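Peer 1: Let's see this in three dimensions:
(2 chains)
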Number of protein chains: 2
Amino acid sequence: MHALSVPEAIRQRRSVRRFQSAPVPPGLLRELLELTVAAPSSWNFQPWRIVVVTAEAQRAALQRSCYGQRQVGEAPVTLVFAFSNSGWREDLEPMVAQAEVREAWSPDYCAGVRSRAPQQQENLERRGQMREFNIRDSVVAATQVMLAAESLGLATCMMSGWQEDLVKEAIGAAGDKDIGIAVLLEIGYAAEVPRSPGRLPLSHTVFLERLGLPYPNDDAAGVSPLLREPDE
Amino acid sequence: MHALSVPEAIRQRRSVRRFQSAPVPPGLLRELLELTVAAPSSWNFQPWRIVVVTAEAQRAALQRSCYGQRQVGEAPVTLVFAFSNSGWREDLEPMVAQAEVREAWSPDYCAGVRSRAPQQQENLERRGQMREFNIRDSVVAATQVMLAAESLGLATCMMSGWQEDLVKEAIGAAGDKDIGIAVLLEIGYAAEVPRSPGRLPLSHTVFLERLGLPYPNDDAAGVSPLLREPDE
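Peer 2: Presented below is the predicted three-dimensional model:
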């Protein structure tokens, strides 16, 4: 199966809000999940807890948690990127042991992680930063699968508009203080692909060395061949 | 130039901590920045304010803000993903006008965004959620360029360990309450690619329909050909 390159997938991707009813084949969905969890994370703690929602009643509950947005009801798969704030305590030892067995981390480095990571995680807890760290790691994973899905012929919609308490209720985590929600991602086959609304000029959002110094526009001589139109 | 597919880039990517001193060619860097800002965002507000740090003194200041971590000093480029909490007020009208001109959004939809988006942004401000929304959007953009860089022959390191006040100081935003920092990304040519430390089993981090119901392992018949070893 031909998969799009990263630049192709990024340029082609749109936030799709109309999906066909066709399901995502199980083998393809599993591959997407493997690509999701390959994401990097702080200390490799992998705080994400990803709920794959496909059943009709579950999708209806999620749609209610998303202010009734149509794409949540239509997409055959929603990935709910929940995360566990305390999971690292249980996961630390198997995670380090695996890195040690794979000879990815030296015994010294493993010892360092075993002693320093808990201190730093507890610092995050004390400072109230754990949620933010876990959201960051979970959104990296969500973006990986957003682009992987695009590259493999599927369409997606990254969701900002949802109510955390209702999402937690829908996935069976109502009232669980350990669990937070980072983002939701709709996946399926597009029924309608909208045009791109465009982006603000690069000079407005990208800076060189310091905020307020727009990134210069004078390196045209070095323009990459990938910036050319596809048919050139 | 051959670019890796999304699945290839995801599988190959490691967090690299040793970089060659070779700079990233300007044309390639510009292409990466274009791919970065192609990310989706809430209402298409694009809250990211990306500072491209390459100058030696700036890199040294950033390294101090990252607890002296070696890769920050070595990588020829650091992308600092800052964000503006109030930028949407100024950006709303040019953003919507562009979508209207491109006929990506209907006049009705544009009118809806003009009236509803400010209300919802002000709700976020009232509830103290603006920072979280802006971090989410900025991390999507950072992940896009992380994978794009990998696909185009570069290496990266997504950074969790930095001190926000010192990063802001380094990019000339000391004390600016409108500006937050979402994440830092090191980019350059790898001098050393570490082995993968592996991941927790999928059954520990992925669930079906509800949290606590492990994603089943019985769809082997549908396994995608992409899961096979590359030399098959």
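Peer 1: looking only at pLDDT, what's the mean for the helix or strand where A:Ser115 lies?
Peer 2: A:Ser115 belongs to helix A:107-127 when elements are defined using DSSP states H and E. The pLDDT scores in helix A:107-127 average 97.
Peer 1: Just the C-alpha atoms of that helix, please, in PDB.
Peer 2: What follows is helix A:107-127, C-alpha atoms only, in PDB (Å, rounded to 0.1, in the frame of the first residue of the first chain):
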ATOM      1  CA  PRO A 107      22.700   0.500  33.300                       C
ATOM      2  CA  ASP A 108      24.000   3.900  34.600                       C
ATOM      3  CA  TYR A 109      21.300   5.800  32.600                       C
ATOM      4  CA  CYS A 110      18.600   3.400  33.900                       C
ATOM      5  CA  ALA A 111      19.700   4.000  37.500                       C
ATOM      6  CA  GLY A 112      19.500   7.700  36.800                       C
ATOM      7  CA  VAL A 113      16.000   7.500  35.500                       C
ATOM      8  CA  ARG A 114      14.900   5.300  38.400                       C
ATOM      9  CA  SER A 115      16.200   7.800  40.900                       C
ATOM     10  CA  ARG A 116      15.600  11.200  39.200                       C
ATOM     11  CA  ALA A 117      12.300  10.700  37.300                       C
ATOM     12  CA  PRO A 118      10.200  10.100  40.400                       C
ATOM     13  CA  GLN A 119      11.600  13.300  42.000                       C
ATOM     14  CA  GLN A 120      10.900  15.300  38.900                       C
ATOM     15  CA  GLN A 121       7.400  13.900  38.500                       C
ATOM     16  CA  GLU A 122       6.700  14.800  42.100                       C
ATOM     17  CA  ASN A 123       7.900  18.300  41.500                       C
ATOM     18  CA  LEU A 124       5.400  18.500  38.600                       C
ATOM     19  CA  GLU A 125       2.700  17.300  41.000                       C
ATOM     20  CA  ARG A 126       3.600  19.900  43.600                       C
ATOM     21  CA  ARG A 127       3.700  22.700  41.000                       C
END
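Peer 1: and that helix, what does it pack onto?
Peer 2: On a contact count with 3 or more C-beta pairs under 8 Å, 6 or more residues apart in numbering or on different chains; DSSP states H and E, helix A:107-127 meets helix A:87-101, helix A:130-151. Yep, even glycine has a C-beta here, placed from its N, CA and C like the rest.
Peer 1: need the contact list for the residue nearest the centre of chain A.
Peer 2: Centroid-nearest residue in chain A, with C-alpha atoms, centre = their mean: A:Ala142, separated by 1.2 Å. Shown in contact with A:Ala142 (C-beta atoms under 8 Å, 6 or more residues apart in numbering or on different chains): A:Thr36, A:Leu79, A:Phe81, A:Met158, A:Ala182, A:Val183, A:Leu185, B:Val140.
Peer 1: Same check on A:Val167?
Peer 2: A:Leu62, A:Ser65, A:Cys66, A:Val80, A:Ala82, A:Ile181, A:Leu184.
Peer 1: In which helix or strand does the last one reside?
Peer 2: Just to be clear, that refers to A:Leu184. A:Leu184 belongs to strand A:179-188, assigned by DSSP H and E.
Peer 1: That strand pairs with which strands, and in what direction?
Peer 2: Sheet pairing of strand A:179-188 (DSSP bridges) gives strand A:77-84 (antiparallel), strand A:155-159 (antiparallel).
Peer 1: Could you dump these into JSON lines with distance to B:Gln58 and mean neighbour count added?
Peer 2: Formatted as JSON lines, the strands paired with strand A:179-188 follow (distance: least, C-beta to C-beta, whole Å; neighbours: other C-beta atoms under 10 Å in any protein chain shown):
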{"stretch": "strand A:77-84", "distance to B:Gln58": "33", "mean neighbour count": "26"}
{"stretch": "strand A:155-159", "distance to B:Gln58": "32", "mean neighbour count": "25"}
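Peer 1: right, and those strands - which one's nearest B:Leu200?
Peer 2: With C-beta to C-beta, the closest approach to B:Leu200 among the strands paired with strand A:179-188 belongs to strand A:77-84: 11.4 Å.
Peer 1: What average pLDDT does that closest one get?
Peer 2: The average pLDDT for strand A:77-84 rounds to 98.
Peer 1: hmm, who's touching it?
Peer 2: A:23-24, A:29, A:36, A:47-54, A:59, A:62, A:72, A:134-135, A:137-139, A:141-142, A:145, A:167-168, A:170-171, A:173, A:178-188, B:211.
Peer 1: Tell me where chain A is predicted with low confidence.
Peer 2: A:1, A:218-232 (pLDDT under 70).
Peer 1: ok, so what distance separates the nearest residue to A:Gln20 once chain neighbours are set aside from A:Ala148?
Peer 2: Closest residue to A:Gln20 apart from its sequence neighbours, by C-beta to C-beta, 6 or more residues apart in numbering or on different chains: A:Tyr189 at 4.4 Å. To A:Ala148, A:Tyr189 is 15 Å away according to C-beta to C-beta, to the nearest Å.
Peer 1: quick one, which of these two is more surrounded?
Peer 2: Set side by side, A:Tyr189 and A:Ala148 show more neighbours around A:Ala148, with 30 against 16, by other C-beta atoms under 10 Å in any protein chain shown.
Peer 1: That one contacts A:Leu35, correct?
Peer 2: Yes: using C-beta atoms under 8 Å, A:Ala148 is in contact with A:Leu35, at 4.4 Å.
Peer 1: intersection of neighbour lists for these two?
Peer 2: B:Val6, B:Pro7, B:Ile10.
Peer 1: okay, now A:Gly68: neighbour count?
Peer 2: 10.
Peer 1: next one: A:Ala174
Peer 2: When neighbours are counted by other C-beta under 10 Å, A:Ala174 comes out with 12.
Peer 1: State the distance from it to chain B.
Peer 2: 10 Å (C-beta to the nearest C-beta, to the nearest Å).
Peer 1: which ones are touching that residue?
Peer 2: So A:Ala174 contacts A:Asp165, A:Lys168 (C-beta under 8 Å, 6+ apart).
Peer 1: tell me which residues in stretch A:122-132 are buried?
Peer 2: By 16 or more other C-beta atoms under 10 Å in any protein chain shown, the buried positions in stretch A:122-132 come out as A:Leu124, A:Met130, A:Arg131.
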